[in-house]
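Q: just coords:
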């Protein structure tokens, strides 16, 4: 029996090795003149149709180059990419986020685009170019940007007789509305306030006058009393007002799913989840700018993706041609028209807003004036991973906010000191 | 063929075929150093050729990685590779990891739950043994389906079933007036929830082994014992259980190995952002986090080495203890 198990295990290992080989074949060496297949790593299934459309349009003008889109869900994207990069088999071109650019560019995993002939970053906002620039060289072709808005369920607001959120709302308005909208008998929550950072906590910290990281990216802002006030506001919905599902409930059923299925009246979420709400049957929703903090401070983090070229790609020229196309007006227009994300290319946000007239998508654009860059440092993931784990503990009721925030600040400062 | 008879057969052949040689070759029983002849070598060559594919697979995919892991456990890694020798530093930081006690306890607890599920497999296998005809294979398939289902799919389905607000399990509990907990997001229940799924998904495999073991027990024993007036329960404890003990031993060894390596359910059923995660990690999950999330491969290799050694010791211990309770027919 042992022997049989070994035979099976051996066969399994061989089968694994065989599939492993076939998946990395596409990046093996070929002459640039012949047909080339480029792998393109992305993480968002909602954006795949738009990416496919862009890839097809590129293939039409470059018949020699075929794009093979590799979708890895966000939860595993960086894990997989890091392992692939360590073994020299990362995709030729892939999505990069502001949180990882410091690490990947700093560790020489990416090709500098500034060195490429014909590189032009003038069509993109300076803030997006800057965040993908390291030591004077730009490594990422800006793809899109995103801000966060307050999504609300019109049907639930109407039923409770509450006025829809507006740009003039403050925290107190949200608290009042959430209390009126909350209806445990019907299984309806006033708001969902998870420990998500980009959508929730980074913004509430800023609105309170605090910050996640100091502007010089050297110190944590989690021990700032104002940041703490921002965290407290978000946590109070669960522990003080009891108008948000608990962390346990939002783990079992994600808050965006709760909102999409009409169980939650308000939810702060990025523009990138719009396709999900658009597709949700029976959901009559809209979106407003985020509320202002106690001192009237308005804020949202702004984040944006970029397309980058893997340093060890076998097809530098083809990859550059593709990335150049990804940064073209044509490709950005496809992104805008399909309504998937706000394209990075200047002047196309109106096209994006017009793509989905049923929502006031302008709310996301209007907030640009109050937008603050997403908190990053050279190795952002080194402190965001323990930060999220500690936030999970606070939200789960295992750790009180004061102690937890201090713990995050200490962990973060220790990591930042290593950079 | 067993290792003891092959040299003696070969030696006899050698004696017949190649004629007398110097001294001891003519002795019929081979000593420690068998003599070589052409025929002899040819037979061996064929034998090795036959096992070569499997053997190579083992060397490349099992033995070499083990050696590498042992080496890497003494090194420190950069995020994208490149390592340097750091001695026992990884081992000491693993041993002083504040997460270790909880993870070790969770791993042990999970393994014990799995072990406690073995009697259930015996009962089901015994029941299945009673069924004959076309339904027997239907039942066998039904019970075996979880074994061949992808762990990811299993985890997703159970995650839904376990959902605290909308899950089927809590709905059924609510019908009898019990307010069910958040099974997979409250660390008081997660290990039990995972253990239950572990028992469920290994039930089919264990049953097949027990069913085979039951088939090997001669019917005469039952007939003879019933003539002597033994009832069913007496038969189960005096005949079935002792004669099934080799299968029970085999299953428990595999269960301990599988239980201590439990990882997939933590990742897939609980997920990375879960307030219960910190209290539900297993040793293998700590390994995963270090290897693939934080990119600390050296530390991960050290965890793997420690886990391997613990498994070796536990398995050796089980083999020693089996002499006291396993009856080989």
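A: Received the coordinates, thanks. Keep in mind it's a predicted model, so treat the numbers as computed, not measured.
Q: not counting its neighbours along the chain, what's nearest the residue of the stretch 301-419 of chain A at minimum distance from chain B?
A: Chain B sits closest to residue A:396 of the stretch 301-419 of chain A, with a gap of 2.3 Å, by CB to the nearest CB. Where you see a C-beta, it was placed from the backbone N, CA and C, and this is true even at glycine. Distance criterion CB to CB, 6 or more residues apart in numbering or on different chains; nearest residue to residue A:396, sequence neighbours excluded, is residue B:275 at 2.3 Å.
Q: now swap in residue B:213 and tell me
A: Nearest to residue B:213 is residue B:247, by CB to CB, 6+ apart, at 3.4 Å.
Q: residues in contact with the helix or strand encompassing residue B:247?
A: Using DSSP states H and E, residue B:247 sits within helix B:241-260. Contacting residues not belonging to helix B:241-260 are listed as A:1, B:107, B:110-115, B:118, B:121-122, B:198, B:202, B:206, B:209-210, B:212-214, B:216-217, B:221, B:283-284, B:307, B:310-311, B:314-315, B:318-319, B:322, B:325-329 [CB atoms under 8 Å, 6 or more residues apart in numbering or on different chains].
Q: and with 6 Å instead?
A: Residues from elsewhere that reach helix B:241-260 (CB atoms under 6 Å, 6 or more residues apart in numbering or on different chains): B:107, B:110-111, B:114-115, B:118, B:206, B:209-210, B:213, B:217, B:311, B:314, B:318, B:322, B:326-328.
Q: just the buried residues from those residues, in PyMOL please.
A: Paste this into PyMOL to select the buried members of those, with burial taken from 16 or more other CB atoms under 10 Å in any protein chain shown:
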select buried, chain B and resi 107+110+111+114+115+118+206+209+210+213+217+322+326
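Q: filter the contacts of helix B:241-260 down to just the ones in strands.
A: Among the contacts of helix B:241-260, DSSP state E puts none in strands.
Q: which ones among the contacts of helix B:241-260 are found in helices?
A: B:107, B:110-111, B:114-115, B:118, B:206, B:209-210, B:213, B:311, B:314, B:318, B:322 (DSSP state H).
Q: out of those residues, who's nearest residue B:142?
A: Ranked by distance to residue B:142 (CB to CB), the ones in helices among the contacts of helix B:241-260 are led by residue B:206 at 14.7 Å.
Q: tell me the contacts of the spatially closest residue to the closest one that is not a sequence neighbour?
A: Leaving aside its sequence neighbours, residue B:206 sits nearest to residue B:121 (CB to CB, 6+ apart; 3.6 Å). Shown in contact with residue B:121 (CB under 6 Å, 6+ apart): B:203, B:206, B:207, B:210.
Q: tabulate those (a markdown table), appending pLDDT.
A: As requested, the contacts of residue B:121 are exported to a markdown table (pLDDT from 0 to 100):
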| residue | pLDDT |
| --- | --- |
| B:203 | 92 |
| B:206 | 94 |
| B:207 | 92 |
| B:210 | 94 |
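Q: which pair of these spans the longest distance?
A: Longest span within the contacts of residue B:121, CB to CB: B:203 and B:210, 10.2 Å.
Q: which residues of the stretch 1-150 of chain B fall in strands?
A: In the stretch 1-150 of chain B, the strands defined using DSSP state E, counting those that start in this stretch lie at B:75-77, B:83-85.
Q: enumerate the residues of chain A near chain B.
A: With CB under 6 Å from any CB of the partner chain as the criterion, chain A comes near chain B at residues A:10, A:13-14, A:79, A:82, A:85-86, A:107, A:247-249, A:251-252, A:392-393, A:395-396.
Q: report the buried members of the residues you listed.
A: A:10, A:13, A:79, A:82, A:85-86, A:107, A:247-249, A:251-252, A:392-393, A:395-396.
Q: helices along the stretch 101-250 of chain B, start to end?
A: Per DSSP state H, counting those that start in this stretch, the stretch 101-250 of chain B carries helices over the ranges B:118-130, B:134-148, B:151-162, B:168-175, B:190-215, B:219-227, B:232-235, B:241-260.
Q: so what's residue A:382 up against?
A: Residue A:382 is in contact with residue A:415, counting by CB under 6 Å, 6+ apart.
Q: what's the helix or strand for it?
A: Short version, using DSSP H and E: residue A:382 is in helix A:380-395.
Q: part of a helix, is residue A:321?
A: Yes. Using DSSP: H, G, I helix; E, B strand; the rest coil, the assignment for residue A:321 is a helix.
Q: from residue A:73, how far out is it?
A: Computed as CB to CB, to the nearest Å, the residue A:321 to residue A:73 distance reads 28 Å.
Q: who touches stretch A:89-102?
A: Residues from elsewhere that reach stretch A:89-102, judged by CB under 6 Å, 6+ apart: A:24, A:38-42, A:70, A:81, A:84, A:131-132, A:140, A:303, A:305-310, A:313, A:315, A:319, A:322-323, A:374, A:376, A:378, A:380.
Q: element containing the residue in chain B that chain A sits nearest to?
A: Using CB to the nearest CB, residue B:275 is the residue of chain B that sits closest to chain A, at 2.3 Å. Using DSSP H and E, residue B:275 sits within no helix or strand.
Q: any low-confidence regions in the chain?
A: Defaulting to chain A. Counting by pLDDT under 70, chain A contains low-confidence ranges at A:1-33.
Q: please go with chain B instead
A: Where chain B drops to pLDDT under 70, the residues are B:1-35, B:329.
Q: what does chain B put close to chain A?
A: Counting by CB under 6 Å from any CB, the residues of chain B close to chain A are B:54, B:57, B:61, B:80-81, B:163-165, B:182, B:185-186, B:273-275, B:278, B:292, B:295.
Q: could you rerun that using 7 Å?
A: B:54, B:57-58, B:61, B:79-81, B:163-166, B:182, B:184-186, B:250, B:272-278, B:292-295 (CB under 7 Å from any CB of the partner chain).
Q: ok, of the residues you listed, which come out buried?
A: Neighbour counting over the residues of chain B next to chain A (16+ other CB under 10 Å) leaves B:54, B:57-58, B:61, B:79-80, B:163-165, B:182, B:184-186, B:250, B:272-278, B:292, B:294-295 as the buried ones.
Q: give me the number of residues near the closest residue to residue B:90 other than its chain neighbours?
A: Excluding its sequence neighbours, the residue lying closest to residue B:90 (CB to CB, 6+ apart) is residue B:302, at 3.7 Å. For residue B:302, the count of nearby residues is 27 (other CB atoms under 10 Å in any protein chain shown).
Q: same question for the one 4 residues further on.
A: By the measure other CB under 10 Å, the count of residues near residue B:306 is 18.
Q: list the residues that contact it.
A: residue B:94 (CB atoms under 7 Å, 6 or more residues apart in numbering or on different chains).
Q: how near is it to residue B:283?
A: 8 Å.
Q: likewise for residue B:208?
A: Per CB to CB, residue B:208 is found 28 Å from residue B:283.
Q: tell me which of the two has more neighbours.
A: Applying other CB under 10 Å to residue B:208 and residue B:283 shows that residue B:283 carries more neighbours, namely 23 against 17.
Q: which residues touch the residue lying closest to the more buried one once chain neighbours are set aside?
A: Leaving aside its sequence neighbours, residue B:283 sits nearest to residue B:107 (CB to CB, 6+ apart; 4.8 Å). Residue B:107 makes contact with B:260, B:262, B:282, B:283 under the criterion CB under 7 Å, 6+ apart.
Q: neighbour-wise, which one of those leads?
A: Counting neighbours by other CB under 10 Å, the top entry in the contacts of residue B:107 is residue B:282, with 28 neighbours.
Q: my guess is residue A:267 meets residue A:261, correct?
A: No. The pair residue A:267 / residue A:261 is not scored as a contact, 11.6 Å apart, by CB atoms under 7 Å.
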